[in-house]
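Undergrad: Quick check, what structure comes out for this input:
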Amino acid sequence: YQRRVHGTPSECLFFFGMSSPCQAEYNHIYDEIGQFLNDWIPIILQEKPQSENNPFLLECDKGFHALKYKHQTKCFNVALVALCKTGKSTFLNAMLGRDFLPSHNVPETACIVRVKHNMNTPNGKLINGKEVYEGSDINPALRKVNSMARQTNLPPPQMILEAPLVALSGKTFQGCNTSFDVSDTPGPNEAGTDAVRPQVEALMNSADVILYILDYSKLKTEEEASILQKLKSLRPDLIKDIHTRLFVVVNKMDLVKKRHGLDFTTTKKYVSDIFAEAMPDLNITPDRVLPVSAERALLSRQILNNTASKNVRDDCCELMFGQDWDEQDIDEEKMMQGAEKLLGKSGFEEMESQVLSFLFEHQATIFISSLVGDALRHLYVFNNYLHTTKAAMQKNTNDDWIKQLKKDLDAIKDQFADALKAFRDTTEEMELWVENKFTTFSYNMVDYVDELIRNESELFKVHSSVDEHKVVLDDVNKRITENLLQRFARFRKELETSAFQRQQDIFEQLCKRVEPFLERVGQVVGKMLSIEGELIATKMQFPSVTVEAFRLNIDRSISSLLVAKLSLYHMIKGWCTAGGLVLGSDTQYHTNISQLQQMWHEKIHENTKYTIGTAKLLVSEKIKDSLKQAQDYLSHYIDGYTQSVENAIAEACKTEEKRKKRIAVLSEMIDREKKAITLLRSLEKQYLDSAYASQLTRSEPLDSMSHG
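TA: The predicted structure follows:
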């Protein structure tokens, strides 16, 4: 939208503006990497027939194709997170400029909705599995799915809504034209959302930017303490991870004159102070607090894009021209001017500019670094293949040196296997640590159950019928079970976080342990083939491991920690003796408290014993898998060299003419590969230097810059 604010021409310009040096560098390097992949993938494919099963070539082929997919499908993701009724769905509708998502006075969002920016679907397209809804059918379809999810509390579907984001309309961002996502998530205090919680946390863990939306009307009220509820409920490791990409959006700023008088500037400082006191690790500075009125932004954008209903136009006119507005006095030009002014006052464009600028300056930098890093790593492997193959073809075909090379490399394998024996102690330490954690938890829960039972006054009453007593007992046992499961949920989070960190430490130690052996392999091969200094040692990388993955493993192994179905009672027939003398005609029932406690103690210890076994097995298997991965990687690395040598010798034994021709081809590829490595390293440095300089020199959001 072109508009004037206080007489100064400006435009809602994000990092997509061509005047941004960081954007220009991104486009340039993105294109260079694309050209690099287009050049080198065919080279790898042409080389494969020379050595069909060579581990080096297989790794390069797979790696470069995965890199090409990553290059083409990069998606920046923004996650919206909030407590119930902070205007989150209205906020996302404002980003879309349309009323696609349901918003009402009762909680509406029970499922994750992922909005994919798509300029080709102006009326929107909702995809829910095989079902597709468009235009005016989207809102009621979402209401229906949300309602069903709340009733069943089963893991709900993650739906995709394809529609244009207003901020990106008419802008280009190479590699990301249709893969910019914003995800609407249910709040933690919305009914029926327990099943979606793991999906929400996984989304927050992977999002490039998280917008935590607060309600302005709750500031300086009794409800203020609740504004941090969602963040405080997160795992400590997740809080530590997201603090660099978290923005706080204060919505409903249109209420500023009706409440306590915090304006845009003072709101930023006030909210920053709240976070500094309650959660200092998040480091929410005032510039990370973004005050907006999503309601006003949505209304004005519907006017500007000509999708406003009569009710929307009436509401907008009242905001723009006062309650006494007269439709006859307002022509289309005044309507548009008023809508532009209302949009400017909403703070929404400035919020979008700051968030999207952050995405580009920070997350695009990470993306570029990742692309270049992956490209270099795969190119290093191909470098080793080329140099080894060429040197082996130039060496004599006497197989004595080949036998010696294999012997030396096998010796390295054996030495590495001996080095890994030290990790057996690590496995035992982890298993003991898990056992101690669970044992301590079980004893704490025994004490806790005893306390709960003592406080259940209904258990100590006498009842006149078995059915009446069963109702009381079942109700008490249900409350005990719920309390214990809540305690276990908190315990499990703490355990997962600690176990995850210990596991990461083991992976790091393992990578460090294998590195010198990888270097030694290169040294042995280089010395034997007289190509010292030409081979590049690669680094082992473990697959990315998350707490979510660890949690899923536990969930598969442990169906339930505490389950109890009790009907513990005994009869007293009036005043009776062992011989059965009855004094009185009424039969009464009361709870055998000691038996009830003992049953719970046994159940807790029994389930804890089972859980310890499965948890220890999980830890042990995970470490064993890691050790095997390290051994397999070293073997794969060695096999790459030995197969390159054997294939080269086989080729060299054909004819002298073919041998010389093959060596010439390899020499040419080596020259090209060296130039490619130099190019990638310079691109990485060039982009990082540009991004860093851009951050140092920029003091205002990018929307204050003029379009070039």
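
Undergrad: tell me the helices in the stretch 501-650 of the chain, going along the chain?
TA: Under the criterion DSSP state H, counting those that start in this stretch, the stretch 501-650 of the chain contains helices at 547-557, 593-652.

Undergrad: between those, which gets the lowest average pLDDT?
TA: Among the helices of the stretch 501-650 of the chain, helix 547-557 has the lowest mean pLDDT, at a mean of 50.

Undergrad: Could you tell me how many residues sit around Ala648?
TA: Residues lying near Ala648 (other CB atoms under 10 Å) number 27. For glycine as for every other residue, the C-beta is placed from the backbone atoms N, C-alpha and C.

Undergrad: and it, how far is that from Ile663?
TA: Remark: distance between Ala648 and Ile663 (CB to CB, to the nearest Å) = 10 Å.

Undergrad: And Asp181, by the same measure?
TA: Distance of Asp181 to Ile663, computed by CB to CB: 50 Å.

Undergrad: okay, the helices of the stretch 501-650 of the chain, which one's buried deepest?
TA: Neighbour counts (mean count of other CB atoms under 10 Å) averaged over each of those peak at helix 593-652, with a mean of 18.

Undergrad: list the helices and strands that one packs on?
TA: Packing contacts for helix 593-652, counted by 3 or more CB pairs under 8 Å, 6 or more residues apart in numbering; DSSP states H and E, involve helix 55-72, helix 365-394, helix 400-420, helix 423-454, helix 466-529, helix 547-557, helix 656-697.

Undergrad: quick revisit: need the residues touching each of Ala648 and Ile663.
TA: Here Ala648 and Ile663 have Lys390, Met393 as joint contacts, going by CB atoms under 8 Å, 6 or more residues apart in numbering.

Undergrad: Where does the prediction get shaky in the stretch 201-350 of the chain?
TA: Within the stretch 201-350 of the chain, the ranges that satisfy pLDDT under 70 run 201-206, 226-227, 229-241, 257-261.

Undergrad: Please, where are all the helices along it?
TA: Using DSSP H, counting those that start in this stretch, helices in the stretch 201-350 of the chain cover 229-232, 236-242, 264-278, 294-304, 310-321, 332-345, 348-358.

Undergrad: what's near enough to touch Leu679?
TA: Counting by CB under 8 Å, 6+ apart, Leu679 touches Glu32, Phe36.

Undergrad: What does the pLDDT read for it?
TA: With respect to pLDDT, Leu679 has a value of 89.

Undergrad: Check the gap between it and Asp39 for me.
TA: Distance, Leu679 to Asp39, using CB to CB: 11 Å.

Undergrad: what's the answer for Asn53, then?
TA: Shown here: Asn53 relative to Asp39, a distance of 24 Å by CB to CB.

Undergrad: how about JSON lines for the helices and strands packed on helix 593-652, with distance to Glu223 added?
TA: Written out in JSON lines, the entries for the helices and strands packed on helix 593-652 read as follows (distance: least, CB to CB, whole Å):
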{"stretch": "helix 55-72", "distance to Glu223": "44"}
{"stretch": "helix 365-394", "distance to Glu223": "37"}
{"stretch": "helix 400-420", "distance to Glu223": "56"}
{"stretch": "helix 423-454", "distance to Glu223": "30"}
{"stretch": "helix 466-529", "distance to Glu223": "23"}
{"stretch": "helix 547-557", "distance to Glu223": "31"}
{"stretch": "helix 656-697", "distance to Glu223": "37"}
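
Undergrad: what's the most buried one of these?
TA: helix 365-394 (a mean of 21).

Undergrad: Counting by contacts, list what it packs against.
TA: For helix 365-394, the packing partners by 3+ CB pairs under 8 Å, 6+ apart come out as helix 21-47, helix 55-72, helix 466-529, helix 593-652, helix 656-697.

Undergrad: Relative to His378, which of the helices of the stretch 501-650 of the chain is closest?
TA: Closest approach to His378 among these (CB to CB): helix 593-652, 12.7 Å.

Undergrad: Next, the angle from that closest one to helix 466-529.
TA: Interaxial angle, helix 593-652 versus helix 466-529 (axes from the mean of the first three to the mean of the last three CA atoms, to 10 degrees): 20 degrees.

Undergrad: isn't Glu458 right up against Val472?
TA: Yes: counting by CB atoms under 8 Å, Glu458 sits close enough to Val472 to count as a contact (4.9 Å).

Undergrad: got any ranges where the stretch 401-550 of the chain has weak pLDDT?
TA: For the stretch 401-550 of the chain, the stretches with pLDDT under 70 are 463-464, 541-550.

Undergrad: let's see it at 80
TA: Counting by pLDDT under 80, the stretch 401-550 of the chain has low-confidence residues at 422-425, 457-470, 489-490, 492-505, 507, 539-550.

Undergrad: buried set for stretch 308-323?
TA: Neighbour-count burial for stretch 308-323, counted by 16 or more other CB atoms under 10 Å, picks out Ala308, Val312, Arg313, Asp315, Cys316, Cys317, Leu319, Met320, Phe321.

Undergrad: could you dump the residues you listed to a markdown table with distance to Glu131?
TA: Formatted as a markdown table, the buried residues of stretch 308-323 follow (distance: CB to CB, whole Å):
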| residue | distance to Glu131 |
| --- | --- |
| Ala308 | 28 |
| Val312 | 28 |
| Arg313 | 32 |
| Asp315 | 32 |
| Cys316 | 33 |
| Cys317 | 38 |
| Leu319 | 37 |
| Met320 | 39 |
| Phe321 | 42 |
